[in-house]
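Undergrad: Predicted structure and sequence below. I'll ask about it afterward.
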Amino acid sequence: MSETQTAMKVSGFTFLRNGEVLGYPFVESLKSLLLVCDEVIVALGQGEDNTRALVEGIGDPRIRIIDTTWNEKMTDRGYVYAQQKMIAQFNCSGDWAFYLEGDEIIHEDDAPKIRAAMEKHLHNPEVEALAFDYLHFYGCPDLVAQSPAWYRRAPRVIRNTIRSWAPDGLFWVVMDKNKRGRYPRAALAGCPLYHYGHVRSAEKMNEKNRQVSKYWKHEAKPHRYNQIDASILQPFKGRHPAGVQQWLKDYAEASFTPDPSYQLSKRERRHRRMMVLERWLGRDLTKKHYTLVG
């Protein structure tokens with residue numbers, strides 16, 4: 001390293017409220033983020049459970065909690081999530097900012113690869129983000145959802161020296177001109193993130209839907225895992241991250257039984273047709289919130 005260069009700094013960030021009541025593996029998520037990051041910012045909304053105590057109980061000085069207030073009148077397409085996400089991001093001081101949601105986990109085997117990808121692209125301004133493959137577990141830890149309904153890749157690391165903001169929790173818009181935004185230019189991280197939000201207990205999932213539906217101007221509907229096109233569920237043949245395995249034993253649904261009488265929705269029938277077309281063309285036809293470079 002030359003005298004004019006300094007060591008790379010990586011910030012992690014997320015937002016939480018009532019993570020315990022809603023069944024998020026947020027402690028496991030934060031611990032996995034610490035495998036990669038030099039600091040971790042948690043925007044913590046005022047809740048009714050032990051989320052703060054559990055975050056503090058991790059006992060790592062790299063974690064910094066920022067107390068926030070949620071706008072309960074913001075019911076437009078989940079934008080309150082974007083507001084909370086950006087409060088955390090705006091407090092990041094690293095070269096890169098790594099956003100991880102409370103039900104997402106980094107595999108310990110992939111942490112060095114992620115850090116190496118950041119080092120590789122640190123001085124290449126063409127690369128503004130890193131995009132990750134996704135493993136969306138559904139119904140139980142042994143099944144992964146694979147269809148156009150479930151995003152296959154998403155940017156989760158953003159260069160912290162560009163003008164970016166989040167229209168929602170999933171993606172960023174880069175404002176390199178004052179009046180028009182675009183998706184970030186992203187290189188592939190070369191490894192997946194593990195998404196466990198859809199294996200939490202049915203009780204916790206229904207409570208989550210009850211509490212968050214208002215932010216999308218939706219009525220909360222009862223959730224049943226077996227109300228899905230079961231043909232999109234594929235066996236998981238890998239190994240879960242070590243840090244989440246106890247949570248899976250204690251809090252995840254143990255098994256999944258499809259409903260043989262379930263009728264496909266119009267959206268699911270459309271996705272089936274898309275998957276057939278993808279196989280014919282050998283292309284991924286899902287929407288991508290980034291432009292691939294690098």
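TA: Sure thing, it's come through.

Undergrad: which ones are touching the spatially most central residue of the chain?
TA: With distances taken as CA atoms, centre = their mean, Glu101 lies nearest the centre of the chain, 4.2 Å away. By CB atoms under 8 Å, 6 or more residues apart in numbering, the contact list for Glu101 reads Thr14, Ser29, Gly169, His195, Gly197. C-beta: built from backbone N, CA, C; applies to glycine.

Undergrad: Keep only those of these that are in helices.
TA: Ser29 (DSSP state H).

Undergrad: Can you tell me how far Asp176 is from Tyr24?
TA: Distance of Asp176 to Tyr24, computed by CB to CB, to the nearest Å: 34 Å.

Undergrad: who wins for most neighbours among the contacts of Glu101?
TA: Tallying neighbours with other CB atoms under 10 Å puts Ser29 at the head of the contacts of Glu101, with 28 neighbours.

Undergrad: Quick check: phi and psi at the closest residue to Glu56 other than its chain neighbours.
TA: Using CB to CB, 6 or more residues apart in numbering and skipping residues adjacent in sequence, the residue nearest Glu56 is Ile65, 7.4 Å away. Per-residue torsions, Ile65: phi -90, psi 130 (degrees, to the nearest 10).

Undergrad: Might you report the residue contacts of Ile65?
TA: When contacts are counted by CB under 8 Å, 6+ apart, Ile65 touches Val42, Leu44, Arg52, Val55, Glu56.

Undergrad: Buried subset of those as a ChimeraX selection?
TA: Typed into ChimeraX, the line below selects the buried ones among the contacts of Ile65, using 16 or more other CB atoms under 10 Å:
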select :42,44,52,55
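
Undergrad: Ala242: which of the contacts of Ile65 is nearest?
TA: The shortest approach to Ala242 among the contacts of Ile65 belongs to Val55, at 20.2 Å (CB to CB).

Undergrad: That closest one contacts Thr14, correct?
TA: No - Val55 lies out of contact with Thr14 (CB atoms under 8 Å); the separation is 9.9 Å.

Undergrad: Touching both of those two, which residues are there?
TA: Listed contacts common to Val55 and Thr14 are Phe26, Leu30, Val42; contacts here mean CB under 8 Å, 6+ apart.

Undergrad: Could I get the full set of helices for the protein?
TA: Secondary structure of the chain, counting by DSSP H: helices at 26-33, 51-56, 79-89, 111-121, 202-212, 245-251, 266-281.

Undergrad: Kindly compare burial across those helices and name the winner.
TA: Stretch with highest mean neighbour count among the helices of the chain: helix 26-33 (a mean of 24; mean count of other CB atoms under 10 Å).

Undergrad: Just the CA atoms of that helix, as CSV, please.
TA: Only the C-alpha atoms of helix 26-33 are listed here, as CSV (Å, rounded to 0.1, in the frame of the first residue of the first chain):
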residue,chain,number,x,y,z
PHE,A,26,-31.6,-10.2,13.5
VAL,A,27,-28.9,-11.2,16.0
GLU,A,28,-27.6,-13.8,13.7
SER,A,29,-27.8,-11.4,10.8
LEU,A,30,-25.8,-8.7,12.6
LYS,A,31,-23.2,-11.2,13.7
SER,A,32,-22.7,-12.3,10.1
LEU,A,33,-22.4,-8.7,9.0
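
Undergrad: who touches it?
TA: For helix 26-33, the external contacting residues (CB under 8 Å, 6+ apart) are 12, 14, 16, 19, 40, 42, 51, 54-55, 57-58, 63, 98, 100-108, 111, 241, 243-244, 247.
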